[in-house]
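*Asks:* A structural model of the following input is requested.
(chains A and B)
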There are 2 protein chains.
Amino acid sequence: MQSLAIGGFMLVVMAFPVGRIEAQSAPADTSGRARVVAGYCAAWNEPDPTRRANLLRVVWDTEGEYSDPTPANLKGRDALSGHIDGFLKQFAGGSIRCSAPQFHHQSGRFTWEIFAANGSSVVAGMDYAEFAPDGRLRRIVGFFGPLPLVNK
Amino acid sequence: MQSLAIGGFMLVVMAFPVGRIEAQSAPADTSGRARVVAGYCAAWNEPDPTRRANLLRVVWDTEGEYSDPTPANLKGRDALSGHIDGFLKQFAGGSIRCSAPQFHHQSGRFTWEIFAANGSSVVAGMDYAEFAPDGRLRRIVGFFGPLPLVNK
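*Replies:* Okay, the predicted model is just below:
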């Protein structure tokens, strides 16, 4: 196993019969998928329905499916826009920030954090993402709170 | 927002138009899905191909899809068993431990950690999971290393 400290991040690379295991430590990501996730996050911060629809048209598949533990479980741009509308009314003046995504094959993950109007952190979580062949998001499955931990 | 410390875990519940946001802090989980994930983890620790096939028959859908960044991307029990075989030969005498899963709707997540034969931690990661209607796993998408973080 090799460990390299690069720019403050730890990169771990091991030999593995079918490829390699590489710890994905928040790499700089300037690809199309990173832009799509940034646009998706921008839609969650856009209170104007028309502007939000324009953002979602670029990043969300017409058949895209969204679910989270609230327990939202919906399909399509209009349903997602309505769900975001409820969120923005709940957290009026607040915001949500997203991390850069990590991904492989057609899937990815990124984290996010909701901040109240006064700047205090409300809740953090992680979204699992799937991309359609044209690069738009076709699935987001949200999880709230910290990761479950392995017993040691 | 309400915060409750229960048994050492922090539970956060907020009002939300479409339901509630609840931080999922590794709850005790004795459901069928938790047993399925435990069986899946046991299959990753089973070097005997026949016993491993028996474990996978219980927990893995015949059309189940698996991918990770190694870059494994496969379908079906035999292909998954072969991938696990490569892993177990690479880490002979080692083991993998899994957390309890969190889930909602048809999806879930859990973390895992690989230990070498001498007990040292090699790498940790997280699996996204989807369940078929009969409760078996129909998709695992693995991610290695820590979560990407939100810039503050």
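
*Asks:* Work out for me the element residue A:88 sits within.
*Replies:* Assigned by DSSP states H and E, residue A:88 belongs to helix A:77-90.

*Asks:* I'd guessed residue A:65 sits against residue A:75; true?
*Replies:* Yes. In this structure residue A:65 lies within contact range of residue A:75 using CB atoms under 8 Å: 5.1 Å. Every C-beta, even on glycine, is put in place using the N, C-alpha and C of the backbone.

*Asks:* Contacts only, for residue A:130.
*Replies:* By CB atoms under 8 Å, 6 or more residues apart in numbering or on different chains, the residues touching residue A:130 are A:106-108, A:137-139.

*Asks:* one step back: how about the helix holding residue A:88 and chain B, touching?
*Replies:* Yes. Helix A:77-90 reaches chain B (CB under 8 Å from any CB of the partner chain) through A:83, A:86-87, A:89-90.

*Asks:* CA atoms of that helix as CSV?
*Replies:* The C-alpha coordinates for helix A:77-90 follow below in CSV (Å, rounded to 0.1, in the frame of the first residue of the first chain):
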residue,chain,number,x,y,z
ARG,A,77,-38.9,18.3,-12.5
ASP,A,78,-42.2,19.9,-11.4
ALA,A,79,-42.5,17.6,-8.4
LEU,A,80,-38.9,18.3,-7.4
SER,A,81,-39.4,22.0,-7.8
GLY,A,82,-42.4,21.8,-5.5
HIS,A,83,-40.5,19.9,-2.9
ILE,A,84,-37.7,22.5,-3.0
ASP,A,85,-40.3,25.3,-2.7
GLY,A,86,-41.5,23.7,0.6
PHE,A,87,-37.9,23.5,1.8
LEU,A,88,-37.2,27.2,1.0
LYS,A,89,-40.4,28.4,2.7
GLN,A,90,-39.4,26.3,5.8
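
*Asks:* Now do the buried residues in that helix.
*Replies:* Going by neighbour count (16 or more other CB atoms under 10 Å in any protein chain shown), the buried part of helix A:77-90 is A:77, A:80-84, A:87-88, A:90.

*Asks:* Tell me which residues of the top strand by length along chain A come out buried.
*Replies:* As assigned by DSSP state E, the longest strand anywhere in chain A is strand A:121-131. Buried positions in strand A:121-131, judged by neighbour count with 16+ other CB under 10 Å: A:122-131.

*Asks:* Distance to residue B:33 and pLDDT added to those residues, as CSV?
*Replies:* Compiled in CSV, these are given as follows (distance: CB to CB, whole Å; pLDDT from 0 to 100):
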residue, distance to residue B:33, pLDDT
A:122, 28, 96
A:123, 23, 96
A:124, 24, 97
A:125, 20, 98
A:126, 18, 98
A:127, 20, 98
A:128, 16, 98
A:129, 22, 98
A:130, 20, 98
A:131, 26, 96
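
*Asks:* Now distance to residue B:118 too, for the residues you listed, in CSV please.
*Replies:* Formatted as CSV, those follow (distance: CB to CB, whole Å):
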residue, distance to residue B:118
A:122, 43
A:123, 39
A:124, 35
A:125, 36
A:126, 32
A:127, 36
A:128, 33
A:129, 37
A:130, 38
A:131, 39
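
*Asks:* If we only consider these, which is nearest to chain B?
*Replies:* The closest of the buried residues of strand A:121-131 to chain B turns out to be residue A:128 (CB to the nearest CB; 4.5 Å).

*Asks:* separation between the closest one and residue B:127?
*Replies:* Using CB to CB, to the nearest Å, we find residue A:128 at a distance of 10 Å from residue B:127.

*Asks:* for residue A:107, same thing?
*Replies:* Relative to residue B:127, residue A:107 is positioned 11 Å away (CB to CB).

*Asks:* can you give me the strands for chain A?
*Replies:* A:2-6, A:9-16, A:19-22, A:60-67, A:73-75, A:95-98, A:102-104, A:107-115, A:121-131, A:137-144.

*Asks:* With adjacent residues omitted, what lies nearest to residue A:69?
*Replies:* Of all residues not flanking residue A:69 in the chain, residue B:104 sits nearest, at 4.3 Å (CB to CB, 6 or more residues apart in numbering or on different chains).

*Asks:* Could I get the contacting residues of that neighbour?
*Replies:* Taking CB under 8 Å, 6+ apart, we find residue B:104 in contact with A:67-69, A:71, A:143.

*Asks:* of those residues, buried ones?
*Replies:* Buried by 16+ other CB under 10 Å: A:67-69, A:143, out of those.

*Asks:* Settle it for me: which of residue A:65 and residue A:75 has more neighbours?
*Replies:* Comparing residue A:65 with residue A:75 by other CB atoms under 10 Å in any protein chain shown, the one with more neighbours is residue A:65, at 18 against 15.
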